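> I'll drop the sequence and a predicted model, then ask my questions.
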Amino acid sequence: MPASKKNSYARYTLAALERLGQLVAVARKEQRVTAQGLAERIGVTRAMIQRLEAGNPKVDIGVAFEACTILGIPLLGEDDVGSMTLRVEEGRRRLSLLPRYARARTVELADDF
């Protein structure tokens, strides 16, 4: 049986995940919400909330974002749905101006010598 491939994450990524977990844990405890209670509202297990709070990179981003939304933690620097919606529309407009697929640049080698 082949050994499982271990993902290697950048230190910045791991630090950001740890910070996100801290924000969730602090907000949850300040609001006196149990891990089980939060898990039930999201529709996941208590263990998933514990992994999120521990900064585990395997937690689904949807679970992390839903926990933040429920606890009132701003996502991506946006405090409300209105400003998030504006940013989403801005992103859609920008993406519509770009090519649909990214292609690697081909380098023409000058080998006429």
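Looks like it arrived, so ask away.
> Can you mark which positions in stretch 65-81 are buried?
For stretch 65-81, the neighbour count (16 or more other C-beta atoms under 10 Å) marks Glu66, Ala67, Cys68, Ile70, Leu71, Ile73 as buried. C-beta here means a position set from N, CA and C on the backbone, and glycine is covered the same way.
> typo on my end, stretch 52-62
Leu52, Glu53, Gly55, Val59.
> which residue packs closest to Thr45, ignoring adjacent ones?
The shortest distance from Thr45 to any residue other than its chain neighbours is 5.8 Å, reached at Ala39 (C-beta to C-beta, 6 or more residues apart in numbering).
> where's Ile73 relative to Ala67, distance?
Noted for Ile73: a distance of 8 Å to Ala67, by C-beta to C-beta, to the nearest Å.
> same deal with Ala10?
Distance from Ala10 to Ala67, by C-beta to C-beta: 23 Å.
> One more: Gly37?
12 Å.
> before we move on, what about Ala47?
Ala47 is 14 Å from Ala67, by C-beta to C-beta.
> Please apply the same query to Ala104.
Using C-beta to C-beta, Ala104 is found at 37 Å from Ala67.
> can you check Thr106 too?
Distance, Thr106 to Ala67, using C-beta to C-beta: 44 Å.
> show me where pLDDT drops low in the chain?
Where the chain drops to pLDDT under 70, the residues are 1-4.
> Can you tell me which residue sits nearest the middle of it?
Ile61 (4.4 Å; C-alpha atoms, centre = their mean).
> For it, list the residues it contacts.
If you count contacts by C-beta atoms under 8 Å, 6 or more residues apart in numbering, Ile61 has none.
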